[in-house]
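Q: sequence and predicted model, in that order:
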Amino acid sequence: MGVEFEPKIVAFMCNWCTYAGADNAGVARMESPSNVLPIRVMCSGRISPEMVMRAFRAGADGVLVMGCHIGDCHYSTGNHRSVKRMPLLRNLLATVGVNPERLELTWVSAAEAPRFVQVTHSFTDKIRSLGPLSQEVAE
Amino acid sequence: MIDEIRKIVAERLNETDDKGARLDGMVALRRTGPAVAPHVFVAGDDLSTLEINPRYPLMTVVSRLHKRLPDIRLGVVARGCDERAYVEMAKRNQIDPERLVILGFACTAEEALECYCAEPFPKNLVVGTPAAPGPQNPIVAKYDTMTLAERRAFWKQQFVKCIKCYGCRNICPECFCEACAMEDKAWVEPGFLAPPFPAFHLIRAMHMASRCIACRQCEHTCPAHIPLTVLYDLMRRDMEALLGYVPGADLAALPPLSVTLEQTPLLLGDAHDPATIPLAPIGR
């Protein structure tokens, strides 16, 4: 009964690596899931916990934070911030009982269009199997 | 103990250091009628009104005085938690260590118990003998075995009581940002009581990640009796596991969330592959 659940995914992508990688995936006609709403930011280090919380509040069932690999950050160490912050936020979500798998941090470079496609597909599949966040939080 | 503190405060206020300088005042609590309030005692004041109870974050007073009066040299009568608050505040330029003398006293065993305090005494201990650390909060102790659903049920029942008074933020010695994310409409929508689950409290918790020194003031203040320190104790534990950082422990230790991986590396997992960074245990 009913329509199969399709998750909404908010993907924060850094301007210099992941966004270019996503762009290249599109140029190469690779298919990435339409569930993903890309939000371009200048650096993954710009993603504050408030932004992630707002994405969830606005209806995202999963949030992906993507940036340059360590060592490749356009601002040298912006992604150092995100790799310290996001695992803490994942734990905090788990602490209040929200499945921490709904937030994921990963690195995708401009040259990794296939990786962009793979990451977005597997994350979308994972969130699809977890079900809607609204259901989880409303329990 | 209080008599000894009053005596030492009197001595310190009249002392001159090797450069011939005196303290301009001593920050402590003062009894006025039935109430107690923060006060700056100066040489010659009646110190019989100086009090140490109830617990109050006096470092916020020191910080304000340091900012307004750039030359003032102060002393402060401090507990262990006050001293830890000082460490994180000084690190973030809220207090000038060069202009502060800490006169520390030990909390009683009952206070340590009540606060679940791991370190109920300051490093600059001048009065009293250190009490044994309090036990771990029983909810924190069993937390790893709780499932996500149990945790959710627990916190929803707690957070729904929130009347959004901002008391937790206002009393916190480590909350000193000029613009507060919890008052920004972009992050906390106005017009909801209780605030939407769980953004309001998580935003504060994340901001406390490298700052919370476990003074318990937020929980003591909360009119809705939300056990906020459970949230912050778990945050502190995750922080120590992932980055080896214990807020309030060491003035020289860099706040890890503000610096690079070279300065404070991850202790768990590989930063090159964030998927390898483990989560804290969750009950099944």
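A: Good, I have the coordinates. Numbers count the residues shown, from 1 in each chain, chains lettered A, B, ... in the order given.
Q: does chain A have contacts with the longest helix along chain B?
A: When chain B is parsed with DSSP state H, its longest helix is helix B:228-243. Yes: interface with chain A: helix B:228-243 contributes B:231, B:234-235, B:238-239, B:242-243 (C-beta under 8 Å from any C-beta of the partner chain). From N, CA and C alone the C-beta is placed, and that goes for glycine too.
Q: burial count for residue 9?
A: As the question left the chain open, I've gone with chain A. A:I9: 25 surrounding residues under other C-beta atoms under 10 Å in any protein chain shown.
Q: ah, no, chain B please
A: Quick note: B:V9 (other C-beta under 10 Å) scores 22 neighbours.
Q: cool, and A:E101?
A: A:E101, neighbours per other C-beta under 10 Å, totals 16.
Q: wait, what's in contact with it?
A: Contact analysis of A:E101 by C-beta atoms under 8 Å, 6 or more residues apart in numbering or on different chains lists A:126-127, A:130.
Q: which of the residues you listed count as buried?
A: A:126-127, A:130 (16 or more other C-beta atoms under 10 Å in any protein chain shown).
Q: can you put the residues you listed in CSV and add distance to chain B, pLDDT and secondary structure?
A: Supplementary listing: those in CSV, determined by distance: C-beta to the nearest C-beta, whole Å; pLDDT from 0 to 100; DSSP: H, G, I helix; E, B strand; the rest coil:
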residue, distance to chain B, pLDDT, secondary structure
A:K126, 12, 97, helix
A:I127, 15, 97, helix
A:L130, 11, 95, helix
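Q: quick one: the helices in the chain, in order.
A: Picking chain A for this. Under DSSP H, chain A gives helices at A:18-27, A:49-57, A:78-95, A:113-130, A:133-138.
Q: chain B was what I was after
A: For chain B, the helices defined by DSSP H occupy B:2-14, B:59-68, B:80-91, B:109-114, B:138-141, B:148-159, B:167-171, B:199-207, B:217-221, B:228-243.
Q: low-confidence stretches in the stretch 151-284 of chain B?
A: Residues of the stretch 151-284 of chain B that meet the criterion pLDDT under 70 are absent altogether.
Q: indicate the residue of it located nearest to chain A.
A: B:R152 (2.8 Å; C-beta to the nearest C-beta).
Q: what's the local residue count around that residue?
A: Around B:R152 there are 21 other residues, counting by other C-beta under 10 Å.
Q: repeat that for B:V126.
A: Using other C-beta under 10 Å, B:V126 has 17 other residues around it.
Q: need the residues of the stretch 51-200 of chain B near chain A, please.
A: B:143, B:148-156, B:181, B:184, B:186-187, B:189, B:196-199.
Q: just the buried subset of the residues you listed, please.
A: If we count by 16+ other C-beta under 10 Å, those have these buried: B:143, B:148, B:151-152, B:154-156, B:181, B:187, B:197-199.
Q: going by distance to B:A21, which of the residues you listed wins?
A: Nearest to B:A21 among these, counting by C-beta to C-beta, is B:A181 at 40.3 Å.
Q: right, and B:P227 touches B:Q158 too?
A: Yes: counting by C-beta atoms under 8 Å, B:P227 does reach B:Q158; the two are 6.4 Å apart.
Q: among the two, which residue is more densely surrounded?
A: The residue with more neighbours, out of B:P227 and B:Q158, is B:Q158; 21 against 16, by other C-beta under 10 Å.
Q: give the contact list for the closest residue to chain B within chain A.
A: Across chain A, the shortest distance to chain B (C-beta to the nearest C-beta) belongs to A:G97, at 2.8 Å. Applying C-beta under 8 Å, 6+ apart, we find A:G97 in contact with B:148-156.
Q: for A:S82, same thing?
A: Applying C-beta under 8 Å, 6+ apart, one finds that A:S82 lies in contact with A:44-45, A:47, A:65, A:67, A:105.
Q: again, only using 10 Å
A: A:12, A:14, A:43-48, A:65-68, A:73, A:89, A:105, A:107, B:271, B:274 (C-beta atoms under 10 Å, 6 or more residues apart in numbering or on different chains).
Q: give me the subset of the residues you listed that lies in strands.
A: In strands, defined here by DSSP state E, the members of the contacts of A:S82 are A:12, A:14, A:65-67, A:105, A:107.
Q: between those, which is nearest A:R115?
A: Relative to A:R115, the closest of the ones in strands among the contacts of A:S82 is A:W107; by C-beta to C-beta it sits at 8.8 Å.
Q: could you measure from the closest residue to B:H207 other than its chain neighbours over to A:M53?
A: Nearest non-adjacent residue to B:H207, counting by C-beta to C-beta, 6 or more residues apart in numbering or on different chains: B:A181, 6.7 Å away. As for B:A181, its distance to A:M53 is 10 Å (criterion: C-beta to C-beta, to the nearest Å).
Q: identify the contacts common to those two.
A: Residues touching both B:A181 and A:M53 by C-beta under 10 Å, 6+ apart: B:187-188, B:200, B:203, B:206.
Q: how about the residues you listed, which pair is most distant?
A: Across the shared contacts of B:A181 and A:M53, the longest distance by C-beta to C-beta is 13.1 Å; it joins B:V188 and B:M206.
Q: identify the contacts common to these two.
A: A:50, A:53, B:181.
Q: returning to what we had before: closest to B:D71 among the buried ones among the residues of the stretch 51-200 of chain B next to chain A?
A: Nearest to B:D71 among these: B:A181, at 33.3 Å, using C-beta to C-beta.
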